[in-house]
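Novice: what's the 3D shape of this:
(2 chains)
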Amino acid sequence: MHDDVISAFLDNEPFDPAALGRALADPAGRDLLLDAVALRHLVAGEEAGLAPMARPRGGRWTRAGLAVAAALALALGGYALGHRTGRTDERRAIDAAPAPTQVIDLTPGVQWHTIPGGHS
Amino acid sequence: MADIEALFLAHQSRLYRYLCRAVGHADTARDLTQDVFLRVTRGSVPVAGDDEQRAWLFRIARNLALDHHRHQRHVRAHEAAAPALDHRPASQDVDAAIREALAALHDVDRDVFLLREVGGLSYEEIARATDLTPDAVRSRIHRARLDLRDRLSAPIQARRLQPMRQADRAR
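Specialist: As a prediction, this is how the structure comes out:
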């Protein structure tokens, strides 16, 4: 057997390099190393769905925090939307001519001239 | 209080994962992780280096897991008598196999193995958390690995066909 030098190497613990060399010179030793790494992956839980837990303390605070965040997001979103809409309207007002308030038809043949002091 | 909270937050993920494997149930692990925090806030953090504080945290977690096991022995016996599920997804089969293999280990071997592989503790830290010597820890971890290698040969071989990260990722 390869003693526990492979385990020590795997665990970042002090080990005898010569002993590790001898262990890894043997195919069985290399096989043990790879198996141990695969075992580590399995047990560490990534494949088994051991999802990291949420902040464990104060579930109510978490929910309250989410509610506050949602309210802030709504408020900021509404503000941003309103701001953007306002800017759009403003630009539209600059780009487009205003609608006429009075329409004067041009009648051919009519003599137009200015009357001093006012108009009729 | 801030120091205690910071200490706990720094290790809560590993504590939870360790407890998941130690008790075999995510919800229970979540509860026990919260219990660790309660115990931590009730006590006083030992004035020591990071390693000793980490060992202290995991010692609390380990004790809680042991308490849980004492209270759940009859429940586990009842569950063992329940009919096996035939149509579980493969990932659940593997997880169940891991749970069974871990459960079959000697209690102390399982603890030191999980403290190393999931908790990421050094042999010295594990020795502090379990009242063993570092040499005993080293020997028990190696024995647990060999035992689990035998019990989980199929999932291990399957896992070896997939890409792996650096060997010491648990640190």
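Novice: Just the CA trace of stretch A:23-30, in CSV.
Specialist: Once non-C-alpha atoms are left out, stretch A:23-30 reads as follows in CSV (Å, rounded to 0.1, in the frame of the first residue of the first chain):
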residue,chain,number,x,y,z
ALA,A,23,3.9,6.0,-4.4
LEU,A,24,3.2,7.8,-7.7
ALA,A,25,5.7,5.6,-9.6
ASP,A,26,3.3,2.8,-9.0
PRO,A,27,0.2,2.8,-11.3
ALA,A,28,-1.9,1.8,-8.3
GLY,A,29,-0.7,4.9,-6.5
ARG,A,30,-1.6,7.2,-9.4
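Novice: can that stretch be found next to chain B?
Specialist: No. Stretch A:23-30 is not in contact with chain B by CB under 8 Å from any CB of the partner chain; minimum separation 11.7 Å. The C-beta positions use only the backbone N, C-alpha and C, and glycine is treated the same way.
Novice: Buried residues of that stretch, list them for me.
Specialist: For stretch A:23-30, burial by neighbour count (16 or more other CB atoms under 10 Å in any protein chain shown) applies to A:A23, A:L24, A:G29.
Novice: Mind picking out the helix or strand in chain A with the poorest mean pLDDT?
Specialist: helix A:59-95 (a mean of 53; mean pLDDT, DSSP states H and E).
Novice: Just give the number of residues close to residue 22.
Specialist: Since you didn't name a chain, this refers to chain A. Per other CB atoms under 10 Å in any protein chain shown, the neighbour tally for A:R22 reads 14.
Novice: um, chain B though
Specialist: What B:A22 shows, counting by other CB under 10 Å, is a neighbour count of 25.
Novice: pretty sure it is in contact with B:D111, am I right?
Specialist: Yes. Judged on CB atoms under 8 Å, B:A22 makes contact with B:D111 at a distance of 7.2 Å.
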